[in-house]
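S.K.: Just to be clear, the model below is a prediction. Sequence and coordinates:
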Amino acid sequence: MAEPAIRDPITFEVVKNALASVADEMAVTVVRTAHSQVVRDSLDFSTAICDAHGRLVAQGLCLPLHLGSIPDAMAMLLRKYAGDIHPQDVFILNDPEEGGMHLPDIFLFKPIFQDNQLLGFAVCVAHYPDIGGRTAGGNAVDSTEIYQEGLQIPLLKLYHGGRRDEALFSILKKNVRIPDIVMGDLSAQMAACHIGEEGYLRLVGRYGIEGLQNLIDEILDYTERMLRAELGKFPVGTYSFEDYIDDDGFGSGPITICVSLTFSEDSLVADFTGTSPQVRSALNATVSITKSAVYTALKCVVPSTILSNDGFYRPIQVMVPRGTILNPTHPAARAARGLTAFRTVDTILGALYQVLPSRIGAAGEGGATMISIGGERLDDTPFVFVDFLCGGWGGRPHQDGIDGASNIAANLSNVPVEEVELYQPVQVEEYGFVRDTGGAGKFRGCLSVARQIRFLEQEGILHIRSDRRRFPPYGLDRGQHGTSSWNILNPGPDQEALPTHVTRPIVHGDVLRHMTAGGGGFGDPLHRDPRLVLQDVLDEKISREHALREYGVVVTEAFDVDDERTLRERVRRRAAC
């Protein structure tokens with residue numbers, strides 16, 4: 001069957017890009033107006049435009065793992081408030097049972113009207129630095145039920161026809177430790193939704209209500225056709241993979257994430273049957289973020305010209321058994337679900353490698369480590385420090401992994417040391433790469449990143465969400481696995497090795513050293529160009545000893561490659577295999 005022709009390709013492209021630009025303008029507004037480091041600097045938020053049917057039309061250049069959350073939340077809103085959506089309303093949500101992900105992620109939805117006709121929604125979801133609960137930041141892995149994790153907000157109207165709900169504002173302010181910062185982030189989301197509304201109405205003014213909706217339908221249908229055509233190029237069949245989380249935070253593990261990807265002529269079914277049951281701790285995820293993991297991984301292997309919108313989701317079916325860690329039952333804790341989502345992406349990519357080995361790299365650091373410290377200063381004012389530490393990517397089919405970059409599923413940003421020290425009661429004593437930690441391969445995995453911080457207040461509660469110690473990042477195509485992550489308290493003769501998930505008190509002068517995992521390697525290390533090995537030695541990414549041990553490359557004391565000895569060493573090793 002011939003592909004339907006686009007009626008006006010020039011207008012089509014203009015509107016397609018204009019909608020994406022509106023979502024990006026919303027994102028810029030958040031960055032410029034947010035109050036917390038988590039939102040403003042780490043960029044843990046997303047923006048989107050949806051049409052009147054709740055279909056995602058455009059998403060800003062934000063977090064890939066929010067790809068599947070906004071549609072599920074929109075669907076719940078339209079069901080719950082059918083017939084009760086009015087101009088100047090604003091809706092708020094963080095409850096996972098009603099379409100949210102975890103309590104620190106707060107959604108705002110602003111319906112867009114013209115002449116009392118609902119045209120669409122401007123949407124913004126942001127990770128708040130605190131949402132109340134038993135621990136500052138609301139992210140402790142050792143919470144055992146959602147009631148411990150903070151304030152649960154079902155789908156409610158924050159504004160009724162432009163009039164704000166003072167009771168809801170008061171409840172939110174009363175239940176968080178840093179209300180000024182939290183309310184500042186809420187205002188930033190409101191500003192972003194206002195910008196989204198204005199941008200959308202400009203397009204309505206130019207193309208008309210019916211004209212714009214017809215163009216949106218065409219954009220979504222075109223995206224669906226593009227993805228179906230791409231899926232039609234994949235080999236038909238079922239491809240399975242498993243990956244693991246070290247433990248549940250209480251010593252029980254490993255936790256298995258299992259996926260089977262079934263490709264037919266123009267569609268994909270992702271089935272997570274075989275995944276471990278839900279856990280006692282806060283590592284439980286949601287179906288919406290599991291969908292996001294599937295979409296994120298698939299986006300890595302299809303052309304970037306295929307947009308992220310409702311049309312992208314239509315050819316994909318995600319099956320997640322109830323009662324598993326990816327689809328838990330109430331009142332499961334979910335605060336640390338980000339780690340589980342990262343591992344889910346790794347699992348899906350492992351399955352996709354069997355389909356498209358030339359497009360998939362080895363596992364990266366396993367996802368951003370989250371470190372938070374909460375407490376009170378000497379003047380009794382509260383503080384909440386939330387930090388995301390990103391390591392990088394695994395080796396890829398044609399080049400090394402990227403050092404010091406955000407995980408592909410996160411798109412988080414580095415917070416400068418100077419800003420951390422300006423606003424938080426910590427001193428950063430070290431921040432850099434760790435030599436000899438990238439997984440060996442024809443293309444090397446990323447190096448571990450170390451951050452060492454000294455606590456400067458009198459006392460506080462430390463939380464760490466990390467992983468990839470027992471199960472380091474996997475290598476591919478004979479590449480070696482990466483190195484394990486580590487948490488060390490007070491490095492030195494009396495140092496204490498902390499588990500990957502920890503909640504514990506700390507006092508003035510305590511020092512935490514965290515090392516992310518090193519990424520896995522891709523390809524046989526003995527096939528790595530000796531000159532690339534030498535360059536890594538010169539860049540102090542690896543030592544001369546590591547070059548010989550992992551790559552069979554002899555680097556002389558004058559820092560040059562001994563080609564003859566290297567050749568003999570590699571021939572000897574290949575013969576021994």
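M.R.: That came in fine, so what should we check first?

S.K.: how many neighbours does residue 253 have?
M.R.: The tally of other residues near residue 253 (other Cβ atoms under 10 Å) stands at 18. (Glycine included, C-beta is placed from N, CA and C.)

S.K.: List the contacts of the residue lying closest to residue 528 once chain neighbours are set aside.
M.R.: Spatial nearest neighbour of residue 528, excluding adjacent residues (Cβ to Cβ, 6 or more residues apart in numbering): residue 442 at 5.0 Å. Counting by Cβ atoms under 8 Å, 6 or more residues apart in numbering, residue 442 touches 395, 477, 479, 521-525, 527-528.

S.K.: Which among these count as buried?
M.R.: Buried residues within those, counting neighbours by 16 or more other Cβ atoms under 10 Å: 395, 477, 479, 521-525, 528.

S.K.: hmm, which two among those residues are most spread apart?
M.R.: Largest separation among the buried ones among the contacts of residue 442 by Cβ to Cβ: 477 and 528, giving 12.4 Å.

S.K.: joint contacts of those two?
M.R.: By the contact definition Cβ under 8 Å, 6+ apart, residue 477 and residue 528 are jointly contacted by 441-442.

S.K.: If we ignore the residues flanking it in sequence, what's nearest residue 37?
M.R.: residue 415 (5.7 Å).

S.K.: Per-residue pLDDT of the one you found, please?
M.R.: Residue 415 carries a pLDDT score of 88 in this model.

S.K.: So what's the residue count around it?
M.R.: By the measure other Cβ under 10 Å, the count of residues near residue 415 is 20.

S.K.: got a list of what it touches?
M.R.: Each residue near residue 415 by Cβ under 8 Å, 6+ apart is listed here: 37, 41-42, 387-388.

S.K.: nearest to residue 345, of the residues you listed?
M.R.: Each of those was scored against residue 345 by Cβ to Cβ, and residue 388 proved nearest at 16.0 Å.

S.K.: Show me the shaky parts of the protein.
M.R.: For the chain, applying pLDDT under 70 flags the ranges 1-6.

S.K.: Which segments of it make up each domain?
M.R.: Here the domain parsing of the chain from automatic domain parsing is 9-225, 361-525, 538-576.

S.K.: Kindly reformat those as CSV and extend each row with distance to residue 277.
M.R.: Converted to CSV, the domains of the chain look like this (distance: least, Cβ to Cβ, whole Å):
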stretch, distance to residue 277
domain 9-225, 15
domain 361-525, 18
domain 538-576, 38
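
S.K.: Spell out the residue ranges of the strands in the stretch 351-500 of the chain.
M.R.: Counting by DSSP state E, counting those that start in this stretch, the stretch 351-500 of the chain has strands at residues 369-376, 382-389, 426-434, 448-455, 459-465, 486-489, 496-498.

S.K.: among those, which is nearest residue 11?
M.R.: Here strand 382-389 is closest among these (Cβ to Cβ), at 40.6 Å.

S.K.: Show me what counts as buried in the closest one.
M.R.: Buried positions in strand 382-389, judged by neighbour count with 16+ other Cβ under 10 Å: 383-389.

S.K.: wait, which of those is closest to residue 225?
M.R.: Nearest to residue 225 among the buried residues of strand 382-389, counting by Cβ to Cβ, is residue 388 at 37.0 Å.

S.K.: The closest residue to residue 390 other than its chain neighbours and residue 43, how far apart?
M.R.: Closest residue to residue 390 apart from its sequence neighbours, by Cβ to Cβ, 6+ apart: residue 406 at 4.5 Å. In this view, residue 406 and residue 43 are 9 Å apart by Cβ to Cβ, to the nearest Å.

S.K.: Quick check: neighbours shared by the two?
M.R.: 412-413.

S.K.: Surely residue 175 is in contact with residue 132?
M.R.: Yes. Between residue 175 and residue 132 there is a contact under Cβ atoms under 8 Å: 4.0 Å.

S.K.: Specify the angle between the helix ranked longest in the chain and strand 382-389 in degrees.
M.R.: Using DSSP state H, we find that the single longest helix of the chain is helix 179-207. Relative orientation of helix 179-207 versus strand 382-389 (axes from the mean of the first three to the mean of the last three Cα atoms, to 10 degrees): 60 degrees.

S.K.: OK, contacts around residue 525?
M.R.: So residue 525 contacts 440-442, 478-480, 550-552 (Cβ under 8 Å, 6+ apart).

S.K.: cutoff 7 Å now
M.R.: Residues near residue 525 by Cβ atoms under 7 Å, 6 or more residues apart in numbering: 440-442, 480, 550-551.

S.K.: re earlier: compare residue 175 and residue 132 (neighbour count), which wins?
M.R.: residue 132 (21 against 17).

S.K.: Pull the contacting residues for the more buried one.
M.R.: For residue 132, the contacting residues are 138, 150-151, 175-176, by Cβ under 7 Å, 6+ apart.

S.K.: again, 6 Å this time
M.R.: The contact partners of residue 132, by Cβ atoms under 6 Å, 6 or more residues apart in numbering, come to 150-151, 175-176.

S.K.: if I've got this straight, it is in a helix?
M.R.: No. Counting by DSSP: H, G, I helix; E, B strand; the rest coil, residue 132 is not part of a helix but coil.

S.K.: Distance check, it against residue 144.
M.R.: As judged by Cβ to Cβ, residue 132 and residue 144 stand 17 Å apart.

S.K.: Are there helices or strands packed against the strand or helix carrying residue 113, and which ones?
M.R.: If you go by DSSP states H and E, residue 113 is part of strand 105-114. For strand 105-114, the elements it packs on are strand 90-93, strand 117-127, helix 179-207, judged by 3 or more Cβ pairs under 6 Å, 6 or more residues apart in numbering; DSSP states H and E.
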